[in-house]
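Student: Output the structure for:
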Amino acid sequence: MKSILTETEASNKGLGTYNPELDKYERTVGFPEKVAKGREMLAKAGLPPELQNRHIKK
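Tutor: Okay, the predicted model is just below:
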């Protein structure tokens, strides 16, 4: 595994390619049921006590 990481770090090649045809899926929800379930879980879960009274600096 270490040899793979060092080869990747030493390489100047990109790790992937960009396909502009996939931009049409940018705002599309692939799994709406799972997104709805996740949002419901987040709404029911409370914040930890250290984050409840936190103020955002502007």
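Student: only C-alpha atoms for contact and neighbour calcs from this point on.
Tutor: Fine.
Student: Show me the helices in this protein, by range?
Tutor: For the chain, applying DSSP state H gives helices covering 2-10, 32-44, 49-52.
Student: Packing partners of the second one?
Tutor: Which is helix 32-44. If you count contacts as 3 or more CA pairs under 8 Å, 6 or more residues apart in numbering; DSSP states H and E, helix 32-44 packs onto no helix or strand.
Student: That one: which residues count as buried?
Tutor: Buried residues in helix 32-44, counted by 16 or more other CA atoms under 10 Å: none are found.
Student: Can I get it in PDB, CA atoms only?
Tutor: What follows is helix 32-44 as a C-alpha-only set of coordinates in PDB (Å, rounded to 0.1, in the frame of the first residue of the first chain):
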ATOM      1  CA  PRO A  32     -35.000  10.700  -2.400                       C
ATOM      2  CA  GLU A  33     -36.200   8.200   0.200                       C
ATOM      3  CA  LYS A  34     -32.800   8.100   1.900                       C
ATOM      4  CA  VAL A  35     -32.400  11.900   1.800                       C
ATOM      5  CA  ALA A  36     -35.800  12.300   3.400                       C
ATOM      6  CA  LYS A  37     -34.900   9.800   6.100                       C
ATOM      7  CA  GLY A  38     -31.600  11.500   6.800                       C
ATOM      8  CA  ARG A  39     -33.300  14.900   7.000                       C
ATOM      9  CA  GLU A  40     -35.800  13.500   9.400                       C
ATOM     10  CA  MET A  41     -33.100  12.000  11.600                       C
ATOM     11  CA  LEU A  42     -31.200  15.200  11.700                       C
ATOM     12  CA  ALA A  43     -34.300  17.200  12.600                       C
ATOM     13  CA  LYS A  44     -35.000  14.800  15.600                       C
END
